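Peer 1: I'd like to go over a predicted model; first the sequence, then the structure.
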Amino acid sequence: MSRQVISCGLCLLMVFLANAVWADTGGAPSPKVRSSRMEVVFRDDLNQLQSIRDLKSGREYANVKAPATLGLYKLGFKQPSGKSQDITSADAVERNFKLIDGGLELRFEHQGATSLSVVCRVLANEADSKIHWQIEVTNRSQQPLVSIEYPRACLRLPLGDNPGDDAILHPLHEGALLCNPQKHLGKQAAYAKNYPGVLSAQVLYYFDPQGGFYYAAADGQGHSKKALVGRYNDTLILAWVHRLPNVVQQKCHVPYDLVWAASEGRWESGADIYRRWTEKQSWCAQKIPQRDMAQWLTRTNVFLNINPDVRNQFGTVDVAAETFARYHGFFDASLVGTVFSWEKNGTWIGPDYFPPRPSRKYYVDLTRKLADRGDHLQLFLSGFRWGVRKPVNERQEEPRKYTDYDGTADFERRGRAMTAVDSQGKLVFGKLPWADNYTLCAAADDAQELLGSCYREIFGWGVAGVDLDQNLGGEVNDCYSTEHGHPPGAGHWQHLTMKRFLDGVRADARRQHRDSFLGVEEPCELYIPQFDIYHGRSLTDTHWPVYGPGAISIPLYAYLYHDYQLGYVGFCDAGFSPLGNVRMGLGRMFLSGMQPGVRVFYPPFRLSGDEPSPELLMARDVVQLLKRTEKYLLLGRMLPTPRVEGSPLIATPEKMPKKHRPWPIDWPVVQATAWQAADGDVCYAMANLSDQPQEVRLALEPHGTSATARLKWIRTTGETLQPEATSLPGSLPVTLKPWEVLCVEQTSGE
């Protein structure tokens, strides 16, 4: 029988003397901790919680039927054979707890081959709505502790009577909702993604219209971790998994708090809790106007995805300059030409990029010609990858068919020593649709110098921007090599490595080209100070980069960081647009508050002597509205999604376009976003995503301003000030033409 303090008479006396922390359930005390908004009560065996209660609403989130074997924590070990071993709190031979200042301390003892002690602390107070969790492990075994999953929140599934309105706010890339987990998450499933990297933030929020459960990692230092969304029958499991190097350490701890809270029934409710924390972190030290960055980038630009192989548009410098002139005149806006297929050996084949196609002189001369009109160029680098073969196409049929290029010999000579090594001692290699690639270890000095020299070469041509492509969110691959100057496996070294590299590249770029900028494919909060802009796809629905069980796109990253980091849509086409409808994509591109991006070498964005396509005309409308609302849609703070009444739902087809999954929820035809400028003024952006006129009502909120407001209609045809002041909150009738985008500005009426 284990020694449990709850069975000792002295502890019973302590419990009754400290009834603000402990409760007596059925004659036996159950340890509990309470904040101003949430109370957690442990089971007698200390392996799980018998209650996770929202004190404001009375709602219960814990699944009391969750098996004790799921445990309060799960520790991952690497055995000498290389196999993994997991240990949970249910494996402990002794469990006890005691009161401490501000909460509770639990101790667990494990014996046998994996002998260890675990100390967990749960802290809260009546002045704070959140509950804080901490953990440290004393490892007496000779096995490396490589992961700490704690605390494991075992929650009800579904939350209420209607499973269809349950969702999990998930920070995958720019943000997703994992809808109806009871339907879309398998009964024994686990869905885990890495931070930093494909996860842009450190927050999960499980909610329905009646309220939600908040779970975040309060880590301002960039430690390696995973967000786990799992299921065990009728139990939803949420956890953050702290990742450690594959070395034996006697003392291990999670050097940040894990935070629980309860809030209201919208995804923005969870995001608001997280945003209040993030704004105190180093990556939010400066908003866009205060950042050391090219000021021209903070005004409306159109990112044109161009290809020098399209001879009649970009084949020579003069032809390319003429093409840019036409688009500049059409959009009446500055352009950034984002060049594809410039690499010597084919698209996305690096780091043997140079000399570029068609030539170095082409980019030097074109950059100078574009500068006269305020236009710029941007090139992508394929991140820490070494491409050795180039497929003929991207369909990945087997056996693969390749071009004549074969960089294997060069890789063996120069690249092997700097390549990441997996846990089996093999070089990390992948057959991506566009290339056979080895993944370089970003911590290797030779790899940093190799990629850094590519940046310096391109900026030396006068090109304004270089994008770190394929290292999504600045991710760094796990590496088990002992030759690259880092501990083997995963760990904090991954963020420190990428930060060191980006700080050096940024300093070099600013010295070479004062108005240069750095970009990245998909964002991550940690690297806001290093990247001026990110390349995103916030316009999409269920197409990559949105994936996962029941996933659909939401603008989480824009909601958190729109006023701290610029973004541009790359690119609006049938592939990324909802239902493959480009005009639907354009409307959502506008609503996302990102710089617009289009592929001009594909229809429908080719600008010729013929009448412009409906898509091209709508893109121009979007650009003109952005120019008139920059202080909101480019530099403002995103507000909760405004309520639109009277809109029909978008009819989804029985057969979805290629690569798009069925929608897990319905979307309205008329969609809206709201933005607040630094001066407090508010703007509502609206889009009709259909070929039919729509009449709706837009809910107006004060958003911290006066009780009355003056409204201004901002359309592509002009601006109209509504003469009478409007009381707030209020409701505004809005009529939209087919595929129309418009804005309503709300300023103080006092």
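Peer 2: Everything's here; your move. The structure displayed is predicted, hence computed values, not measured ones. Residues are numbered from 1 along each chain as shown.
Peer 1: Is Gly415 in a helix, a strand, or coil?
Peer 2: Taking DSSP: H, G, I helix; E, B strand; the rest coil as the rule, one finds Gly415 in the helix state.
Peer 1: need the contact list for the nearest residue to it once chain neighbours are set aside.
Peer 2: Among residues not flanking Gly415 along the chain, Trp386 sits closest, at 4.5 Å (Cβ to Cβ, 6 or more residues apart in numbering). Every C-beta, even on glycine, is put in place using the N, C-alpha and C of the backbone. By Cβ atoms under 8 Å, 6 or more residues apart in numbering, Trp386 lies in contact with 350-351, 407, 411, 415, 419, 437-440.
Peer 1: Name the nearest of these relative to Ala189.
Peer 2: Thr439 (27.1 Å; Cβ to Cβ).
Peer 1: how near is the closest one to Ser481?
Peer 2: Distance of Thr439 to Ser481, computed by Cβ to Cβ, to the nearest Å: 12 Å.
Peer 1: Touching both of those two, which residues are there?
Peer 2: Jointly contacting Thr439 and Ser481 under the rule Cβ under 8 Å, 6+ apart are Ala420.
Peer 1: So for these two, which residue has more residues nearby?
Peer 2: A side-by-side neighbour count of Thr439 and Ser481, using other Cβ atoms under 10 Å, places Thr439 first with 24 against 19.
Peer 1: Pretty sure the more buried one sits in a strand.
Peer 2: Yes. Thr439: assigned to a strand according to three-state DSSP.
Peer 1: ok, it touching Ala420?
Peer 2: Yes. Assessed by Cβ atoms under 8 Å, Thr439 is found in contact with Ala420 at 4.9 Å.
Peer 1: So for the two, which residues contact both of them?
Peer 2: Common neighbours of Thr439 and Ala420, counting by Cβ under 8 Å, 6+ apart, are 428, 477.
Peer 1: quick one on the thing from earlier: so which of the contacts of Trp386 comes closest to Ala464?
Peer 2: Nearest to Ala464 out of these is Gly350 (Cβ to Cβ; 19.7 Å).
Peer 1: Tell me which residues touch the closest residue to that closest one other than its chain neighbours, please.
Peer 2: Closest residue in space to Gly350, ignoring its immediate chain neighbours: Ser382 at 4.2 Å, by Cβ to Cβ, 6+ apart. Applying Cβ under 8 Å, 6+ apart to Ser382 gives the contacts 348-351, 435, 437, 469-470.
Peer 1: just Phe429 next, same as before
Peer 2: 436-439.
Peer 1: Kindly report the same for Gly71.
Peer 2: Here Gly71 is in contact with 47-48, 88-91, 152 (Cβ under 8 Å, 6+ apart).
Peer 1: rewinding a little: for the residue nearest to Gly415, helix, strand, or coil?
Peer 2: Following three-state DSSP, we place Trp386 in the strand state.
Peer 1: quick one: it from Ala574, how far?
Peer 2: On the measure of Cβ to Cβ, Trp386 and Ala574 end up 32 Å apart.
Peer 1: do His660 as well
Peer 2: Taking Cβ to Cβ, one finds His660 at 10 Å from Ala574.
Peer 1: what does Ser36 give?
Peer 2: 50 Å.
Peer 1: ok, what's across the strand from the closest residue to Asp375 other than its chain neighbours?
Peer 2: Excluding the flanking residues, the one nearest Asp375 by Cβ to Cβ, 6+ apart is Leu335, at 4.4 Å. With DSSP bridges as the criterion, Leu335 is bridged to Val302.
Peer 1: now for stretch 132-146, what's the gap between its first and last residues?
Peer 2: Using Cα to Cα, to the nearest Å, the end-to-end distance of stretch 132-146 comes to 23 Å.
Peer 1: List the buried residues of it.
Peer 2: By 16 or more other Cβ atoms under 10 Å, the buried positions in stretch 132-146 come out as 132-135, 137, 139, 141, 143-146.
Peer 1: Likewise for stretch 101-116?
Peer 2: The neighbour-count check on stretch 101-116 (16+ other Cβ under 10 Å) flags 103-110, 114, 116 as buried.
Peer 1: Also stretch 45-63?
Peer 2: Within stretch 45-63, judged by 16+ other Cβ under 10 Å, the buried ones are 45-54, 59, 61-63.
Peer 1: chain center to it, what's the gap?
Peer 2: 29 Å (Cα atoms, centre = their mean, to the nearest Å).
Peer 1: CA-only coordinates of that stretch, as CSV, when you get a sec.
Peer 2: The C-alpha atoms that make up stretch 45-63 are tabulated as CSV, following Å, rounded to 0.1, in the frame of the first residue of the first chain:
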residue,chain,number,x,y,z
ASP,A,45,-5.2,8.6,-6.0
LEU,A,46,-3.8,11.9,-7.3
ASN,A,47,-3.6,10.5,-10.9
GLN,A,48,-6.2,12.7,-12.4
LEU,A,49,-8.8,15.4,-11.5
GLN,A,50,-12.3,14.6,-10.4
SER,A,51,-13.3,18.2,-11.2
ILE,A,52,-12.2,21.1,-13.4
ARG,A,53,-14.9,23.7,-12.7
ASP,A,54,-15.6,27.1,-14.1
LEU,A,55,-16.7,29.0,-11.0
LYS,A,56,-18.5,31.7,-12.9
SER,A,57,-20.8,29.4,-14.9
GLY,A,58,-20.6,26.3,-12.8
ARG,A,59,-19.6,24.2,-15.9
GLU,A,60,-17.6,21.0,-15.3
TYR,A,61,-14.9,20.2,-17.8
ALA,A,62,-13.3,17.1,-16.3
ASN,A,63,-14.2,13.6,-17.4
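Peer 1: What's the mean pLDDT across it?
Peer 2: Averaged across stretch 45-63, the pLDDT comes to 97.
Peer 1: same check, this time on stretch 685-694
Peer 2: Stretch 685-694 comes out at a mean pLDDT of 98.
Peer 1: Check which residues of it are buried.
Peer 2: So, applying 16+ other Cβ under 10 Å, buried residues of stretch 685-694: 685-690, 694.
Peer 1: For the residues you listed, could you give me a markdown table that also reports distance to Pro181 and secondary structure?
Peer 2: Listed next are the buried residues of stretch 685-694 as a markdown table, based on distance: Cβ to Cβ, whole Å; DSSP: H, G, I helix; E, B strand; the rest coil:
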| residue | distance to Pro181 | secondary structure |
| --- | --- | --- |
| Ala685 | 31 | strand |
| Met686 | 31 | strand |
| Ala687 | 29 | strand |
| Asn688 | 32 | strand |
| Leu689 | 27 | coil |
| Ser690 | 30 | coil |
| Gln694 | 32 | strand |
